[in-house]
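S.K.: Return atomic coordinates for the entry below.
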Amino acid sequence: MKARRLFALPAALALLLSACGGQTTTPTASGAAAPVAISIGYASLSGTQAAAWVAKERGIYAKYGLDVTLQSIAGGSSPTSALLADQIQGLQISVEAMSATLEGGDIVYVAAPISSPLFWFVVGPAITSAADLRGKTVAMTTIGSATYFADVLALQKLGLDPKKDVSLISANNVPAILSAIQSGQVAAGALSLPTYSQAKKLGLKSLVNVAELGFRYPSSWLAVRRSYLAAHRAEVTGMVKSTAEAIAFELQNPKETMEIIGKYTQTTDQALLQETYDTLVPYLNKVPLPKAEQVAAALTLLEVTTPKAKGADPKQFVDTSFVEELQKSGFIDALYKK
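M.R.: This next block holds a predicted model:
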């Protein structure tokens, strides 16, 4: 099934989904339970989201009893709100999940495909140095998003104060950030692959490779609600198993993975897809354990926008039990012995 954008659900349907967790189970003719129907969202058109795309396209979700509809939810349209409203049951998201929990939500990370911000801080042709950015406008998707914090990290690396030296404005998604840089609407912005490869082909340059800063934190991690987890542990286990197996597939099958990334990012340029894949692979976590210490690093960033982040316990944002169970059972090791 092709990915589609998420629209607001009618009130009656939203209440129904809230009551049943968005699932439908129908016995098959043989009496066996049919796959559980759920929706999983992804928040950006970036190669870092490939675990969900691969799990869908390769039938991995179905293998673990899940009939998954993927929802593309632009970063500026509050993906976490869709999760909290039970419009989706899982979400690949960055630090926005933490912000939502600090504000009273019950979102928790259960798997961590990637823990590095794979962004490049790209500038327009008029910018030749950090000093040229003072007083200029920089694009992101929304405050508190992965692109926002990539901008913040890059600006800090350049010796600039994100609050005082530049103005930050929102764009709908990463390709829209590139368009804004091209048109001169903004001076700079953080781009992920394959959009960054397109920027290079246009002659634009990067002042900071954010991934090389060594900052590790939630980046496209799989999140669910604690209330959903408590009632549907089998389904969450299926999501985590699918994520782990999708990562193994990505590492072992370059050609097929590039085709899938191309489908979801609407990219046919093989050179761009190859660069996306080659850049992505070194950062994939074979054991996708969501680590509290990486959440702690993100909390230091969140303090800028969310005062409640100061002093928050990193462990409240992760449930490591799913990945730990897969480790102990030998499930993950077996993925790499085929």
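S.K.: Ramachandran coordinates for Val138?
M.R.: Here the main-chain torsion angles of Val138 (degrees, to the nearest 10) amount to phi -120, psi 140.
S.K.: Name the helix or strand for the residue lying closest to Gln274 once chain neighbours are set aside, please.
M.R.: The shortest distance from Gln274 to any residue other than its chain neighbours is 6.7 Å, reached at Met258 (C-beta to C-beta, 6 or more residues apart in numbering). Heads up, the C-betas are built off the backbone N, CA and C, glycines and all. According to DSSP states H and E, Met258 maps onto helix 254-265.
S.K.: now what about that helix, what contacts it?
M.R.: Residues external to helix 254-265 that are found in contact with it (C-beta atoms under 8 Å, 6 or more residues apart in numbering): 3, 45-47, 49-50, 53-54, 57-58, 194, 249-250, 267-268, 270, 273-274, 276-277.
S.K.: let's see 7 Å
M.R.: The set of residues that contact helix 254-265 without belonging to it, under C-beta atoms under 7 Å, 6 or more residues apart in numbering, is 3, 45, 47, 50, 53-54, 57, 194, 249-250, 268, 273-274, 276-277.
S.K.: Which of those are buried? Put it as a ChimeraX command.
M.R.: Of these, the buried ones go into a single ChimeraX selection, burial set by 16 or more other C-beta atoms under 10 Å:
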select :3,45,47,50,53,54,57,194,249,250,273,276,277
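S.K.: Next, the contact list for Ile143, please.
M.R.: By C-beta under 7 Å, 6+ apart, the contact set of Ile143 is Thr305.
S.K.: Model confidence for it, exactly?
M.R.: In the prediction, the pLDDT value recorded for Ile143 is 81.
S.K.: same deal with the one 10 residues further on?
M.R.: The pLDDT attached to Leu153 in the predicted structure is 93.
S.K.: Identify the residue nearest it in space, chain neighbours excluded?
M.R.: Excluding its sequence neighbours, the residue lying closest to Leu153 (C-beta to C-beta, 6+ apart) is Val210, at 5.4 Å.
S.K.: How much space separates that neighbour from Leu168?
M.R.: 15 Å (C-beta to C-beta, to the nearest Å).
S.K.: More neighbours: which of these two?
M.R.: Val210 (25 against 19; other C-beta atoms under 10 Å).
S.K.: List the single closest residue to the one residue sitting closest to the centre of the chain in space, sequence neighbours excluded.
M.R.: When the chain is reduced to its mean C-alpha position, the closest residue under C-alpha atoms, centre = their mean turns out to be Ser220, at 2.6 Å. With C-beta to C-beta, 6+ apart as the measure, Thr48 is the residue that lies nearest to Ser220, at 4.3 Å, once sequence neighbours are left out.
S.K.: How about Ile107: what's its closest non-neighbour residue?
M.R.: Nearest in space to Ile107, with sequence neighbours left out and distances taken as C-beta to C-beta, 6+ apart, is Ala97 at 4.5 Å.
S.K.: what's near enough to touch the one you found?
M.R.: Residues in contact with Ala97, defined by C-beta under 7 Å, 6+ apart, are 80, 107, 109, 223.
S.K.: Quick one: residues contacting the first one.
M.R.: In this case it means Thr80. Contacts for Thr80 (C-beta under 7 Å, 6+ apart) come out as 93, 96-97, 100, 105, 107.
S.K.: ok, so of these, who is nearest Tyr283?
M.R.: Each of those was checked against Tyr283 using C-beta to C-beta; the closest is Ile93, at 16.9 Å.
S.K.: For beta bridges, what are the partners of that closest one?
M.R.: In this structure, Ile93 has the following beta-bridge partners (DSSP bridges): Trp221.
S.K.: Got the confidence number for it?
M.R.: The confidence metric pLDDT takes the value 91 at Ile93.
S.K.: next one: Ser18
M.R.: With respect to pLDDT, Ser18 scores 36.
S.K.: Over to the one 5 residues further on?
M.R.: In the predicted model, Gln23 carries a pLDDT score of 47.
S.K.: Check Arg4 too.
M.R.: Turning to Arg4, the model gives it a pLDDT of 37.
S.K.: same check, this time on the one 3 residues further on
M.R.: Phe7 carries a pLDDT value of 33.
S.K.: give me the low-pLDDT residue ranges for this protein?
M.R.: Counting by pLDDT under 70, the chain shows low-confidence ranges at 1-32, 74-77, 338.
S.K.: Try it again at 80.
M.R.: Judged against pLDDT under 80, the low-scoring parts of the chain cover residues 1-33, 74-78, 144, 304, 338.
S.K.: which residues in it form strands?
M.R.: Along the chain, the stretches classed as strands by DSSP state E are 4-5, 36-42, 66-72, 90-93, 107-111, 120-123, 137-140, 167-170, 188-191, 205-209, 221-225.
S.K.: Next one: the residue nearest to Ile107 from Ser145, what distance?
M.R.: Here the distance between Ala97 and Ser145 works out to 11 Å (C-beta to C-beta).
S.K.: cool, Ser242 as well?
M.R.: The gap separating Ser242 from Ser145 is 25 Å, by C-beta to C-beta.
S.K.: I'd like the C-alpha coordinates of stretch 265-279 written as CSV, please.
M.R.: Presented in CSV, the C-alpha positions along stretch 265-279 are these (Å, rounded to 0.1, in the frame of the first residue of the first chain):
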residue,chain,number,x,y,z
THR,A,265,11.4,10.0,-1.6
GLN,A,266,10.3,10.1,-5.2
THR,A,267,14.0,10.0,-6.3
THR,A,268,15.1,8.1,-9.4
ASP,A,269,18.7,9.5,-9.6
GLN,A,270,20.8,6.5,-8.9
ALA,A,271,23.9,8.5,-7.8
LEU,A,272,21.8,10.3,-5.2
LEU,A,273,20.3,7.1,-3.9
GLN,A,274,23.8,5.5,-3.7
GLU,A,275,25.1,8.4,-1.7
THR,A,276,22.1,8.2,0.6
TYR,A,277,22.6,4.5,1.2
ASP,A,278,26.4,4.8,1.7
THR,A,279,25.9,7.6,4.2
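S.K.: Since that was my last question, I'll sign off now.
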